[in-house]
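# Sequence first, predicted model second:
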Amino acid sequence: MAKQLEISIEEIAGSITPRSNKELFKSIMKGEGKETTNSHFRGPKIPKVPQMPSLIEVSIGPYHHGKPELKEMENIKLMMARQFVQQSEELVEDSYGKVAEVSNEAGQYYAEDSTEGLEDEQFTQMMFLDGCFILQFIFCLLRMTILTRKDE
């Protein structure tokens, strides 16, 4: 019999787009040490996705960044970034610094007009949150696959 995997999400209060790196790091890490309702399963949690009329929409990169209908997913990105950083056992500032080192180069790969409304720091924050979200999502999927195979 397969193990039950509870899907949960913690509420993230505060600004969706932090104004400073210090606020971003605080937003990411403020849930640190909280117990989840499913304490018997200590692995990564896959967040419950907010209800949307059709398909799940996540903005990765600048093309749809800041759209109001994707605001709830930005909260999930903060939670996933926190989980990723905690599991990496690195300081959030160190992880962010690695992204900041390559963000200017990464920005050159987008169509010129797609990053017009973003300051350099906003672009770096977006890249950091998106990167953490993608990596944590992949980790959760792999973990779920491993757990499922163990039960077969």
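Sure, I can see it.
# contacting residues for H65?
By Cβ atoms under 8 Å, 6 or more residues apart in numbering, H65 lies in contact with 59, 118, 126. To be clear about C-beta, it is placed using only N, CA and C from the backbone, and glycine gets the same treatment.
# which of these has the most neighbours?
M126 (23 neighbours; other Cβ atoms under 10 Å).
# Name the helix or strand for it, please.
M126 belongs to helix 120-151 when elements are defined using DSSP states H and E.
# Only the buried residues of that helix, if you could.
Within helix 120-151, the residues that count as buried by 16 or more other Cβ atoms under 10 Å are 122-133, 135-137, 139-140.
# With stretch 94-102 instead?
Using 16+ other Cβ under 10 Å as the test for burial, stretch 94-102 gives 95-96, 99-100.
# In helices only, show me those.
95-96, 99-100 (DSSP state H).
# re the thing from before, in TSV, list the contacts of H65 along with pLDDT and distance to K150.
Shown next, in TSV, are those (pLDDT from 0 to 100; distance: Cβ to Cβ, whole Å):
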residue	pLDDT	distance to K150
S59	79	34
L118	84	43
M126	90	36
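# Looking at these, which is nearest L147?
Nearest to L147 among these: S59, at 29.2 Å, using Cβ to Cβ.
# Which neighbouring residues are in contact with the closest residue to the closest one other than its chain neighbours, exactly?
Spatially, and ignoring its direct neighbours in sequence, S59 is nearest to L70 (4.9 Å; Cβ to Cβ, 6 or more residues apart in numbering). Counting by Cβ under 8 Å, 6+ apart, L70 touches 57-59, 64.
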